[in-house]
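**Q** next come a sequence and a model predicted from it.
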Amino acid sequence: ASFLDSIGTFVYSARRPFHPNRLSQLIAHLPVSRGIPKTGQEDRDQQLDISDDAKKYLGKLLRSKGFVWLADSNVAANYWAHAGASFEMQCLGSWWATLPREQWPVEATAAILSDFDNPDFNDKMDLNASVGDRRQELVLIGSGMGDASVQKVLGDTLDRCLLTDEEWDAYKSCANDEEKLNATFGNPIRARIVSY
């Protein structure tokens, strides 16, 4: 089989925020030379254990993209864009769940709700009942990405970037205070603000 025959896709999904420091450590292993975030001052519990296999598979990525929820904000909807040697994190605006429904385009309501974890979502719900459309939805494209064993290694590594149960409880306790979230979960990944 040729190199092109082995190109595959893996879609990673989760409904809990990434810890920015652990995610930045993962991003440092992407095959990129532009846009690499500086890793933050990690506490011992913020160290990401990345196996040699995970490093090898991350190095085979040609493209990765998708929506990212970082723990330093309950509002900011981020977009991960990696192609070839470039990486960029963009803040696209706010998650729909943070906006009053009156601000949603009426013609797009069904499509918006299809991204929600609870079809009965309302803005009075707390994060225990629904996180709305906040999510990790990353598409990883590269050599071997269609292999179940590769997907398991990368999925487990990405899972370790998510908030732990203890961190998730801390997040939920201050989810409505962006300043406190930023202080608790400092972010070495600087997102470019996109405006149209």
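**A** Perfect, I can see it now.

**Q** need the contact list for Pro17.
**A** 69-71, 134, 162-163, 168, 171, 185 (C-beta atoms under 8 Å, 6 or more residues apart in numbering). C-beta coordinates here come from the backbone N, C-alpha and C atoms, glycine included.

**Q** excluding its backbone neighbours, what's nearest Leu26?
**A** Nearest residue to Leu26 in three dimensions, chain neighbours excluded: Cys161, at 5.6 Å (C-beta to C-beta, 6 or more residues apart in numbering).

**Q** for that neighbour, grab the count of nearby residues.
**A** 22 (other C-beta atoms under 10 Å).

**Q** which residues touch it?
**A** Counting by C-beta under 8 Å, 6+ apart, Cys161 touches 18-19, 22-23, 26, 48.

**Q** next: Tyr57.
**A** 142, 144-145, 150, 153-154.

**Q** rerun at 10 Å
**A** 10, 29, 51, 140, 142-145, 147, 149-151, 153-154, 157 (C-beta atoms under 10 Å, 6 or more residues apart in numbering).

**Q** how about the helices in the chain?
**A** 20-27, 52-58, 109-113, 148-159, 165-173, 178-184 (DSSP state H).
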